[in-house]
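Peer 1: coordinates only, no sequence provided:
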């Protein structure tokens, strides 16, 4: 047999093998679809996706792939296109080899709010306060504002009523409303050590503490 004839024979054998493989694959696919349902595309992670990190085009190309699996195995809400994950971040780690479900992804805040800093030489102290509703009348968040702290004492048992400013222009770090019936407001303030001790002492003595917006 000549070299050309042998090459032609090899080519014909390769074509026959390819046709047989395609036929076998087609029968296997038909058998799988008949038993488990039609094959559907679904997004699968090829690498672990860390929580809180938005998925960009580069990460999507490297860590997400599209596979076709029987419909009955696909969980509800699974993504069918990798681009559907762009700009969203996992709320919890997504292990490699897992389906990527829309409910697992959240849209991160464009400018997440930051809690106001305590400041140099200051320390946070939480005290119960009265009349905190006055800090909310303008509809803006009170955190980060400067307030004056007024301590008052009611008259009784030989003591006259008294009110004085215990701290001026201190930063309000947090304001928490009543958690249930009978509970009051509490505020976290950035104060000096001396002011913190004075406010803690006033609260222990049952004196009323109010915050005046500046």
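Peer 2: Sure thing, it's come through. Remember, it's a predicted structure, so these values are computed and weren't measured experimentally.

Peer 1: for stretch 125-137, measure first residue to last.
Peer 2: Taking Cα to Cα, to the nearest Å, the first and last residues of stretch 125-137 lie 24 Å apart.

Peer 1: tell me the gap between it and the middle of its chain.
Peer 2: Stretch 125-137 has its C-alpha centroid displaced from the chain centroid by 28 Å (Cα atoms, centre = their mean, to the nearest Å).

Peer 1: swap in stretch 156-174?
Peer 2: Counting by Cα atoms, centre = their mean, stretch 156-174 is centred 39 Å from the centre of its parent chain.

Peer 1: ok, and for that stretch, which residues are buried?
Peer 2: Neighbour-count burial for stretch 156-174, counted by 16 or more other Cβ atoms under 10 Å, picks out 166-167, 170-173. Every residue, glycine included, has its C-beta placed from N, CA and C.

Peer 1: got it, and stretch 124-131?
Peer 2: Counting neighbours by 16+ other Cβ under 10 Å, one finds that the buried residues in stretch 124-131 are 125-127, 129.

Peer 1: how about residue 198, what does it touch?
Peer 2: The contact partners of residue 198, taken as Cβ atoms under 8 Å, 6 or more residues apart in numbering, are 151, 166-167.

Peer 1: now do 7 Å
Peer 2: residue 166 (Cβ atoms under 7 Å, 6 or more residues apart in numbering).

Peer 1: assign a three-state SS to it, would you?
Peer 2: What DSSP: H, G, I helix; E, B strand; the rest coil gives for residue 198 is helix.
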